[in-house]
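**Student:** Attaching a predicted model along with its sequence, questions to come.
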Amino acid sequence: MTEQRNDAALELAEARRTIEQQQEDLRRLRAALAENPFAAHLRTLLEITAAANVIAAPTSDREEMRAILETAADVLDAEAAALLLVDEERDELWFEVALGGKAEEVARFRLPLGEGIAGYVAATGQPIAVSDVERDPRFAADIAHKVGYLPKAILCVPMVLNERVVGVLEMLDRADGKPFSTRDMEMLGRFARLAALTVEESHLTHDVRHLFRSLLADLARDAAVADATRRFADRAAEYVNADTLRLASLVHEISQHGSESRRLVVEVLTSLSRHLAATAVNTGSRV
Amino acid sequence: MVRLRPAWSWGAGSDEREMLGDPLLVRSITKDDALGGATGAGVRVGIIDSGIDNEHPAVAGAVRGWAEPTLGEDGSVTYNLQPHDDLYGHGTACAGIIHRIAPEAELYSVRVLGQGLSGKGTVFAAGLRWAIENGMRVVNLSLGTTSPKYFAEFHHLVQDAYYHGTVLVTAANNMPIMSYPSLYAAAVSVACHDRAAGDDPLEFYCNPDPPVEFGAPGVDVRVAWLDKGSATVTGNSFAAPHMTGIVARLLSSHPGLTPYQVKTVLSVIADNVRPRR
């Protein structure tokens, strides 16, 4: 499981490197586009590159998902959009991020998996686009019927991670009034992949934080190191990231080698704690 | 459960099934030879999906049977054979597409969606098993599972269907993810074809680069939907029932064809294949 998560983190890092590479190619693409203004595929690449500018610098998992959703809505020219995550225990979907005029109202609702476009996509993993629906009051149940916004067109694709559907991305109503196309579906699928990796990163961070606290709690049973580790645990939990997993593992391993090793661990943790505090004060960024 | 026959049980001199003859002559088969005048009469078609609204004008009462597998707490499966409705609209859309192409085919609604995510792969497999064991000649699977833990079970079922003479028409996933059973060679895997407008109910294309083998109308297609309404839809899951309807027609006029022969004929009469004269 940990290996899979590390793989997912690596895959996300790889995706970001790809995005950076796309940014590097921007100037060349612009030059090529100027020479051939009708090259539609180059426009597509530029759209993706433009998306990269937004997605490459997220500050939190939810903000990253919002950035992905906003960029997808921009690229597909959608009037509104939503990112819904699956709650497997309750067989429901809940709105992680919603965009558009009724976004705040929409975000309050949870949806049963047994109805609506989003429910079908989450249950089957099959992306679909639906528009011009006649007479189906349940059609809009998956987004905004309850708040008075009745979309004419919906494009919905699954977010698949480790062979499971963890959520769906929905685009509502193209600004030009046309139905969503297979090209739109393919494009939204790429954003869904990014969003799924962000979900994985979010789970990873949560799990690492939990693991870190557990390891440090074990260590803190030794009275001599209790105060230092507790202070460190409180501090580190705010800044934990994927690399911290390796650090936690090392701490655990070293602490198994007797009192001398544990004292060494205390020194390391104390230094790290000061470093984390200084980093937070100076930059406000994550470590 | 269908039993595999040992390879030596086939008696070359005693087989009376319809044969295709010289492989080169197969290429001279035309679409009219295969489908002309056919209506789907006498062919049972299983639709494994979200249920069907049998009162919808596009379906026109073509549903002859119902099954809904339910998973018990002990893991056992029971089948509710009472009529049910459609939860999402998707199953009715598929039924309408099939009925338009093969108006006399007998439809069977196998509802496997709507009971929650827990155990859904098992329920899906149970629905497919019911269809195979209850004489469906063609089964529409516009959905699949992405979970590899069901790989072996679905592989077994697809093999059973193949040897039982049941043609499984599956929708390939529109996204680059693994989806079973559309990836199995014994199934007929379908995607929507951008060039297929859907005006000609018998229009479809052959793809020489599997796993997707056939392309059919699935872009901006007008279909039946919930509450006796209609909708414009796009997705591979709407291309699959188009091929299911064509297979039902083919089997109604040539009931002796095996799944292998069905694929062969389809690959010859596809719109992008130049006939040999």
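**Tutor:** Arrived safely, thanks for sending. Residues are numbered from 1 along each chain as shown, chains lettered A, B, ... in the order given.

**Student:** for the residue in the stretch 101-250 of chain A positioned nearest to chain B, what are its contacts?
**Tutor:** When scored by Cβ to the nearest Cβ, the stretch 101-250 of chain A has A:Arg135 as its residue closest to chain B, at 3.4 Å. From N, CA and C alone the C-beta is placed, and that goes for glycine too. When contacts are counted by Cβ atoms under 8 Å, 6 or more residues apart in numbering or on different chains, A:Arg135 touches B:225-229.

**Student:** what about A:Arg66, helix or strand, and which?
**Tutor:** In this assignment (DSSP states H and E), A:Arg66 forms part of helix A:61-76.

**Student:** which other helices and strands contact that helix?
**Tutor:** Packing partners of helix A:61-76 (3 or more Cβ pairs under 8 Å, 6 or more residues apart in numbering or on different chains; DSSP states H and E): helix A:40-55, strand A:78-87, strand A:92-99, strand A:164-174, helix A:182-219.

**Student:** for that helix, which positions count as buried?
**Tutor:** Using 16 or more other Cβ atoms under 10 Å in any protein chain shown as the burial criterion, the residues of helix A:61-76 that qualify are A:61, A:64-73, A:75-76.

**Student:** pLDDT added to those, as TSV?
**Tutor:** Output for the buried residues of helix A:61-76, formatted as TSV (pLDDT from 0 to 100):
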residue	pLDDT
A:Asp61	73
A:Glu64	81
A:Met65	87
A:Arg66	89
A:Ala67	87
A:Ile68	90
A:Leu69	92
A:Glu70	92
A:Thr71	90
A:Ala72	92
A:Ala73	93
A:Val75	91
A:Leu76	93
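
**Student:** of those, closest to B:Val247?
**Tutor:** Proximity of the buried residues of helix A:61-76 to B:Val247 (Cβ to Cβ) peaks at A:Leu76, which lies at 34.9 Å.

**Student:** Please name the residues that touch the residue in the stretch 101-250 of chain B positioned nearest to chain A.
**Tutor:** Using Cβ to the nearest Cβ, B:Gly229 is the residue of the stretch 101-250 of chain B that sits closest to chain A, at 3.4 Å. Counting by Cβ under 8 Å, 6+ apart, B:Gly229 touches A:133-136.

**Student:** and the least confident of the residues you listed?
**Tutor:** Within the contacts of B:Gly229, A:Arg135 has the lowest pLDDT, namely 70.

**Student:** helix/strand/coil for it?
**Tutor:** coil (DSSP: H, G, I helix; E, B strand; the rest coil).

**Student:** Stretch A:91-109 near chain B anywhere?
**Tutor:** Yes. Stretch A:91-109 lies within reach of chain B by Cβ under 8 Å from any Cβ of the partner chain, at A:Asp91.

**Student:** how long is that stretch end to end?
**Tutor:** Start-to-end span of stretch A:91-109 (Cα to Cα, to the nearest Å) is 14 Å.

**Student:** do stretch A:87-101 as well
**Tutor:** Start-to-end, stretch A:87-101 (Cα to Cα) is 25 Å.

**Student:** quick one: average confidence on that stretch?
**Tutor:** Mean predicted confidence for stretch A:87-101 is 86.
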